[in-house]
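Undergrad: here is a sequence with its predicted model. Questions after.
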Amino acid sequence: MIERNEKMNLYDQLLSLQEIPNAYRLWTEYRENLTEYIIKQLEGEPQSVLILGGGRSNDIDLKRLMPYVTHLTLWDKDEKAIHEARLKYDLVDNPKVSIVREDLLGIAANDYRIYAEALVQTVRKKGMNTSLEELSVVARTGIQKLEQKISVVDFKEKQYDTIIMIGLHSQLFSMMDW
């Protein structure tokens with residue numbers, strides 16, 4: 001259940017739910033197995049690697065990957081999560097690591113906040129008397145505006161030898177669904 005926080009936008013409250021408590025500790029065996037699998041794929045010449053949606057990197061041991069990469073790029077919309085990952089794996093000052101703070105859909109956090117606020121304001125006008133149809137119209141209009149902002153990322157420009165996506169599919173459209 002989301003605790004009501006008048007200072008925090010609905011989007012930010014929902015975003016906070018994406019952090020899984022104790023994931024690093026609970027996923028130890030999974031992280032070890034997944035990291036070992038990735039290392040086997042990277043064996044040979046060191047490669048430039050892009051991790052999409054890596055966030056806190058609770059599921060991949062970034063430190064163990066470092067001997068196998070010429071450069072590691074962490075791409076996530078959550079700068080705080082990326083920073084936590086870099087701290088956790090002692091990679092803050094590592095010149096082989098860079099970050100890209102961007103939503104893969106090209107939708108800015110503020111766009112999501114505007115959408116969420118429109119929904120909240122619609123309900124606040126009439127409270128429990130808000131019709132589902134009225135709320136649905138606001139939701140559909142907001143989603144259409146968000147969909148217009150979706151842009152395709154051209155990874156060919158960036159030239160990565162390997163691109164890793166773990167669990168990203170479940171996050172891509174989760175905000176609009178929520």
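TA: Alright, I've got the coordinates. Numbering: from 1, shown residues only.
Undergrad: now for the longest strand belonging to the chain, which elements pack on it?
TA: Counting by DSSP state E, the longest strand found in the chain is strand 69-76. Identification of packing neighbours for strand 69-76 by 3 or more CB pairs under 8 Å, 6 or more residues apart in numbering; DSSP states H and E yields strand 47-52, helix 62-65, helix 79-88, strand 97-101. (Glycine included, C-beta is placed from N, CA and C.)
Undergrad: which other residues reach the strand or helix carrying residue 40?
TA: Using DSSP states H and E, residue 40 sits in helix 28-42. Defining contact as CB atoms under 8 Å, 6 or more residues apart in numbering, one finds that helix 28-42 is touched by 24, 49, 58-61, 64-65, 68-69, 162, 164, 166.
Undergrad: so what's the residue in the chain sticking out farthest from the centre up against?
TA: Centroid-distance maximum for the chain: residue 129 at 35.1 Å, with CA atoms, centre = their mean. By CB under 8 Å, 6+ apart, no residues touch residue 129.
Undergrad: same question, residue 97
TA: So residue 97 contacts 62, 71-74, 86, 91 (CB under 8 Å, 6+ apart).
Undergrad: run the last query once more with 7 Å
TA: Residues near residue 97 by CB atoms under 7 Å, 6 or more residues apart in numbering: 72, 74, 86, 91.
Undergrad: the second one reaches residue 82, doesn't it?
TA: Yes. Here residue 74 reaches residue 82: they are 5.2 Å apart, a contact under CB atoms under 7 Å.
Undergrad: mutual contacts of these two, please.
TA: By CB under 7 Å, 6+ apart, the residues touching both residue 74 and residue 82 are residue 99.
Undergrad: those two: which is more packed in?
TA: Ranked by neighbour count (other CB atoms under 10 Å), residue 74 and residue 82 place residue 74 first, with 25 against 22.
Undergrad: in the sheet, who's paired with the more buried one?
TA: Beta bridges link residue 74 to residue 51, residue 99, judged by DSSP bridges.
Undergrad: mind checking pLDDT for it?
TA: For residue 74, the model assigns a pLDDT of 94.
Undergrad: distance of it relative to residue 97?
TA: 7 Å (CB to CB, to the nearest Å).
Undergrad: next: residue 91.
TA: 5 Å.
Undergrad: same question for residue 46.
TA: 14 Å.
Undergrad: phi and psi next, for residue 126.
TA: Main-chain torsions, residue 126, degrees, to the nearest 10: phi -120, psi 0.
Undergrad: for it, which non-adjacent residue is closest in space?
TA: residue 134 (7.9 Å; CB to CB, 6 or more residues apart in numbering).
Undergrad: that's all I had, so thanks and see you.
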